[in-house]
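Trainee: Have a look at this prediction, sequence included:
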Amino acid sequence: MDLRLTGRRALVTGASRGIGLAIARGLAREGAVVSIAARNADGLAEAVDLLARDGLEVHPYVVDVSDPAALEETVTRSATEREGLDLLVANAGSSRGGGLQASTADDWMFTLGVNVVHAATAIRAAVPWLSASGNGAALVIGSISGWKPRASSSYAVSKAAAIHLAPALAVELARERIRVNTLSPGSVQFEGGRWARTQAADPEAHARFVAENLPGGRFVTLEEVADAACFLLSPRAGGINGAHVAVDGAQDRPTDRPVYP
């Protein structure tokens with residue numbers, strides 16, 4: 001299927017590794033002009049080099065998405081330097097604190113800020129360009145934890161809010177010809193990620209978690225998440241707006257950690 005992404009200008013936050021990097025790679029392979037943003041300059045440089053080995057060019061921007069002014073500036077710079085912006089992926093995410101009694105108000109504010117406010121800020125800053133595109137699309141990356149609680153309460157609640165952000169903004173921005181959807185991955189295992197570390201630390205517990213919680217007997221892959229993202233961002237998904245799409249292989253429990261605290 002031709003996703004009609006050739007030449008479309010995209011910005012992906014949190015794209016130095018993992019899901020963000022996979023989405024950036026997928027978009028670039030489809031012919032999009034991709035900008036990637038992350039807070040760590042070294043990690044961003046490594047991502048650029050890694051994609052270059054596959055013959056893919058991306059444009060890096062160093063930004064801490066918890067700084068709204070810096071994030072707005074980055075969206076504006078990317079759009080200005082690429083002479084437009086058609087696609088935005090709010091992927092950056094984080095959390096602080098554990099369960100309710102082990103976390104502070106500052107932990108909650110930080111977690112909500114990165115996982116929800118960053119997405120809203122980036123989309124708002126991108127509205128003029130996404131609207132001018134005529135096929136503007138934004139994608140918020142949620143999580144299985146947003147509707148299957150077991151993660152820390154602040155993280156789970158923030159991801160639930162991220163899931164609801166898409167339909168709220170989809171209605172508001174429909175007249176601007178901007179679609180907004182949420183994609184929620186299940187657990188994904190990749191080199192350097194938490195699940196790879198968990199497997200190395202306790203292979204038996206890791207295998208038990210897979211057997212008990214992943215009906216297909218495996219994690220979803222980065223490529224499967226990226227493929228779904230590319231489709232949702234493409235004009236071929238023009239009728240999909242305000243949707244929540246789970247890419248989790250029907251996973252049951254979202255984490256191997258015990259209920260907090």
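Mentor: Ah, there it is.
Trainee: use CA for all of it now, contacts and neighbours both
Mentor: Noted.
Trainee: Next up, phi/psi of the closest residue to residue 8 other than its chain neighbours, please.
Mentor: In space, and not counting its chain neighbours, residue 8 is closest to residue 32: 4.8 Å by CA to CA, 6 or more residues apart in numbering. Reported as degrees, to the nearest 10, the phi and psi values for residue 32 are phi -70, psi 160.
Trainee: Quick check: residue 32 touching residue 10?
Mentor: Yes - taking CA atoms under 8 Å as the contact criterion, residue 32 and residue 10 are neighbours in contact, 6.8 Å apart.
Trainee: contacting residues around stretch 48-62?
Mentor: Stretch 48-62 is contacted by residues 25, 28-29, 33-41, 44-45, 74 when judged by CA atoms under 8 Å, 6 or more residues apart in numbering.
Trainee: cool, stretch 197-217 as well?
Mentor: 218, 219, 249, 250, 251, 252, 253, 256.
Trainee: Neighbour count: residue 32 and residue 10, which is higher?
Mentor: residue 10 (29 against 22; other CA atoms under 10 Å).
Trainee: just checking, the more buried one touches residue 84?
Mentor: No - with contact defined as CA under 8 Å, residue 10 does not reach residue 84; the gap is 9.0 Å.
Trainee: what's the longest helix in the protein?
Mentor: For the chain, the longest helix by residue count, based on DSSP state H, is helix 153-173.
Trainee: Go through that one and flag the buried ones.
Mentor: 153-167, 169-170, 173 (16 or more other CA atoms under 10 Å).
Trainee: other SSEs contacting it?
Mentor: Packed against helix 153-173, as judged by 3 or more CA pairs under 8 Å, 6 or more residues apart in numbering; DSSP states H and E, are the following elements: helix 105-112, strand 136-141, strand 178-185.
Trainee: In a helix, residue 245, correct?
Mentor: No - in this structure, residue 245 is strand, not part of a helix, as judged by DSSP: H, G, I helix; E, B strand; the rest coil.
Trainee: mind listing what it touches?
Mentor: Shown in contact with residue 245 (CA under 8 Å, 6+ apart): 181, 182, 183, 184.
Trainee: Let's see stretch 229-245 as PDB, backbone CA atoms only.
Mentor: Output of stretch 229-245 as PDB, limited to C-alpha atoms (Å, rounded to 0.1, in the frame of the first residue of the first chain):
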ATOM      1  CA  ALA A 229       1.900   4.900  13.400                       C
ATOM      2  CA  CYS A 230       2.800   5.500   9.800                       C
ATOM      3  CA  PHE A 231      -0.600   4.300   8.600                       C
ATOM      4  CA  LEU A 232      -2.500   6.500  11.200                       C
ATOM      5  CA  LEU A 233      -0.500   9.500  10.100                       C
ATOM      6  CA  SER A 234      -1.000   8.900   6.400                       C
ATOM      7  CA  PRO A 235      -3.700  10.200   4.100                       C
ATOM      8  CA  ARG A 236      -4.800   6.600   3.700                       C
ATOM      9  CA  ALA A 237      -6.200   6.900   7.200                       C
ATOM     10  CA  GLY A 238      -8.100  10.100   6.400                       C
ATOM     11  CA  GLY A 239     -11.300   8.800   8.000                       C
ATOM     12  CA  ILE A 240      -9.700   7.900  11.300                       C
ATOM     13  CA  ASN A 241      -9.900  10.800  13.700                       C
ATOM     14  CA  GLY A 242     -10.100  10.900  17.500                       C
ATOM     15  CA  ALA A 243      -9.400   7.200  17.700                       C
ATOM     16  CA  HIS A 244      -7.400   5.100  20.200                       C
ATOM     17  CA  VAL A 245      -5.500   2.300  18.500                       C
END
